[in-house]
Structure formats: structure tokens, C-alpha cells
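Visitor: this one's structure only:
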Ligand SMILES: C[C@H](N)C(=O)N[C@@H](Cc1c[nH]cn1)C(=O)O
Ligand SMILES: [Zn+2]
Ligand SMILES: [Zn+2]
């Protein structure tokens, strides 16, 4: 067990420094590191540099891995570096690898934010609102704040740390798999376990440890027709309209009750067992909290167990948007010449992205042929990742559960997550080590949504949790 006196000294220091930590998060949120938009690529680099400077300040040695270029929006642009760091190199201590990402989802005030998305704004209820506050800048900085609090309190860190921070997680983790595979034989040698803080509690009160994620296959379907946008009064009714074709195709993918309609997609999904059903019963989770998080009562299922199952262990298909479609206010009577529909399928264990992609492509090609349209269709899978499930019996989880008890005085729930972190499985397989997901934020943080927030208390207690976890890791007997 970790020394309670040492932990108390560390916790007190974190409390002392909390305003400084909020200012640090404010600085990071102000950097618009949106990986999905070529126009913001300089900002992603700036954010990487900001982390490097923080590493330097804290005495973390580091390397920036150049992963080349990508073609985005028709332009060839540089990919942001993967930043590796090392803090401590004592052969008598365990080594924990921390992964996180410094890119964020896009955000515009006009999407419905109550304050400017890149100006961290603290509400009277002490919610820190800003893009990336919870996903994933708060957690990434949290680890570095924990190091700083140790230094300022004069406490030695009881483990060695390795860091791996990427700037492309929100855009398919381009280049990451190759780097992990390569560095598993060099930079990551000696790692005993991996910890990732890039998800959320299930609800708003109870901490959890997460041992599973869904995978993802992200599709772009392009329907092209006329050589340019047309006047719908002059040409409407005389040409095959790409938008009409696309909407018809979209309508074939999923039913209003969430059932995926593509033949064969559900074939590899494991059947439910009585034993598994029991797991959901003990999880602390209420429909009211869920409705509060989505700010409506529009759930397909009004039953706790079904909601958890559909979030964790069944696939889902979501339609995200249409590039090229008229979406501005007003009533432009345009007939778009080319539209790109975007949707993704969340994958569960045993579903293989390659098989899913082949089924999707075959289905859409057949459905498009049935339309008798003279337009053309192109189906592309932009990125794919398999689902991940770990063993929560491992010492890595036992140490984390003890840390939760130290900070929150409660035993955590063990959850799976509906979202995806593509490289989790790669870390597990390439390093052959246990991976733990240790969330900092709450289930209502609104990651990817408008008014994303991180509660001040989750941020500050989260920093304590990270430190306590490292002390419990050091104290535990590894098997
Ligand atoms: C759970 C994690 N914080 C996250 O948000 N992951 C993204 C990853 C992704 C994949 N394609 C685009 N983004 C997610 O689950 O959507
Ligand atoms: Zn994330
Ligand atoms: Zn995200």
C-alpha cells in the first residue's frame, strides 16, 4: 500500500497549485489543435511544441517522431509529430507508459457554444468549458501536473514514466501503429504496463476503470454528377441529383431504432449470455443521469441494461454529415454537383474492419445500382480500428482501484466505453502488456459536442488520482 503521509503531502500540494493548473489548461485550450482541418495544422504543431516546452521545464527527456505527410482536402500537409518522453530510469522501479492526444475535434461558436470554444471559461458551478478540456488536454496535462506537484512537494516519483502523445487521434491516429510497432523494440523497452486517460466516467458521481472500447470503421461516400452546382429551378427535374441519391443510400443503412441494415454486419457479434447479463446489473448508472447528459429523453431504450449493452457490446451506425451540401442559413436554391456523405460503424469484439468494409462497399454498390442513376458513386473507408478488451484482474487495475479509493473513498465501477481509441489494442499486442483506461472526466462532459467541459473538481482530483495510481503501482507486487 502507498504511504498515506506521502500521498497527503502530494494531495495538499495539488490543492495548493490548483489555480496554476487551471491557467495551464487555459493556455492549452487556446491552441486550436484541430487535426481534421488542414487550415488548423499549424496549431496542432504549436500544441505539440507547447508540450515539448512543458517537458523541458519538468526535466522530461523527449524525442519528436516525424511521421511524414498526408493528403487532406486535396493538399499534401505534414502530419504532427508523435512526442515521446522519459522521466526516470531507475531499474528498481516499475515503468508505466502514458498515452494521450493533443489534437481536438473541430468547434465553432455558431455550432451552439455558450462561450468561445477556445477560451476556457469557468462557470459558477466550476465547470471549465472549452474544446479539449476533457478530451484530451485536461488528462494529458494532468499527468505533467502530477509530476510538477511531486517536484514542488519534494517527493520522489516512485515509478519511471514513458510518454507517448499523438496529434492525430481524432483523425484516425495516422502513423501511430507503425511507430508503436517500431518503438516496442526501442523506446518502449522496459515498460511494465500502459495507462491511458482519454475517456469518461459512466455517470457524474462514480469513478470507474475502463477495460474495453469499441472499434470504428469511418466511411466517406461520394456521389458526383453535374460538372458544377446548378440552379434548381433551371435544371431541377432534368438531372440526376447527387444529394437525392445520397439521401436514398443513407436511408438504407440504419433503422430509426438503431438496427444496422447492411447484411452480414451483425454476424460476428458475440451472443449475449446469462453470465454477461449479470455484469450490467451491478453497474451504478441511472436513466436520469443519461437523459441529463444528452439533454433530452430521446433514448431508443428506456432500460439501463439495454443502454449499456448497446453502448458497449453491440455495433452502431451513425450518420455524421454531408460535405458539399448547402447548410448555411437562408434559402439558396442550389443543386449540389457533388456530395460526400460521412458515416461510421462502431465495431465490437470479433468484428474485423476489413470484412466490415467489404460488406459496406458491396451493399452500397448494389443499392446504388438499384437507383438507376447516371451519377457516380465512390465508397472509401477513411480509417478503421478493431475493438479492444483487457483483463481487469491485472495488477495495473488493482493499483488503479486502490488509487480511486484513496482519492474518492469509493471502489470504482468497471466499465467498457462506446468510443474508440484506435491504438489501444496496438499497445496491448505490440508490447504484450496490460493496458488500463483511467478516466478523469464525467459522462456529461460533452466530448465532441458543444460546450465540452471538465469540472474543476474532476481536473484537480484527477491529478491526485494519477499520482496516487503511480504510488499504488510502485507498492503493488507485480505478477
Ligand atoms: C474516446 C476518445 N476520447 C475519442 O473521442 N475517440 C474518437 C476517436 C476517433 C476515431 N475516428 C475519429 N475519432 C472517437 O471515439 O470518435
Ligand atoms: Zn480522446
Ligand atoms: Zn475524442
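Guide: Good, I have the coordinates. All values reported here derive from a predicted model rather than from experimental measurement. Ligands and ions are numbered 1, 2, ... in the order given.

Visitor: Would you mind naming what in this protein lies close to ligand 2?
Guide: Proximity of the chain to ligand 2 (C-beta under 5 Å from the ion) is limited to residues 135, 136, 198. Any C-beta I mention is one placed from the backbone N, CA and C, and that applies to glycine too.

Visitor: tell me, how many neighbours does the last one end up with?
Guide: Just to be clear, that refers to residue 198. Residues contacting residue 198 under the criterion other C-beta atoms under 10 Å number 25.

Visitor: ok, the residue nearest to it when sequence neighbours are not counted - contacts?
Guide: The spatially closest residue to residue 198, leaving aside those adjacent along the chain, is residue 136, at 4.7 Å (C-beta to C-beta, 6 or more residues apart in numbering). By C-beta atoms under 8 Å, 6 or more residues apart in numbering, the residues touching residue 136 are 100, 101, 102, 104, 169, 197, 198.

Visitor: Looking at those, spot the one nearest ligand 2.
Guide: Within the contacts of residue 136, the smallest distance to ligand 2 is 4.1 Å, found for residue 198 (C-beta to the ion).

Visitor: Of the contacts of residue 136 - the most surrounded one?
Guide: residue 104 (33 neighbours).

Visitor: now that residue: how far from residue 140?
Guide: For residue 104, the distance to residue 140 equals 11 Å [C-beta to C-beta, to the nearest Å].

Visitor: can you redo the residues of the chain next to ligand 2 as CSV with secondary structure?
Guide: Output for these, formatted as CSV (DSSP: H, G, I helix; E, B strand; the rest coil):
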residue, secondary structure
135, helix
136, helix
198, coil
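
Visitor: Can I get these in TSV including distance to ligand 1?
Guide: Formatted as TSV, these follow (distance: C-beta to the nearest ligand atom, whole Å):
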residue	distance to ligand 1
135	5
136	6
198	4
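
Visitor: The helix or strand bottoming out on mean pLDDT in the chain - contacts with which helices or strands?
Guide: Lowest by mean pLDDT, DSSP states H and E among the helices and strands of the chain is helix 274-281, with a mean of 90. Contact analysis of helix 274-281 by 3 or more C-beta pairs under 8 Å, 6 or more residues apart in numbering; DSSP states H and E lists helix 304-312 as its packing neighbours.

Visitor: So is the one helix or strand residue 180 maps to next to ligand 1?
Guide: Using DSSP states H and E, residue 180 falls within helix 176-183. No - under the criterion of C-beta under 6 Å from any ligand atom, helix 176-183 makes no contact with ligand 1; the nearest approach is 11.6 Å.

Visitor: I figured residue 142 hits residue 466, correct?
Guide: Yes - if you go by C-beta atoms under 8 Å, residue 142 and residue 466 touch, sitting 5.6 Å apart.

Visitor: still on that earlier bit, any idea of the mean pLDDT in the helix holding residue 180?
Guide: For helix 176-183, mean pLDDT rounds to 98.
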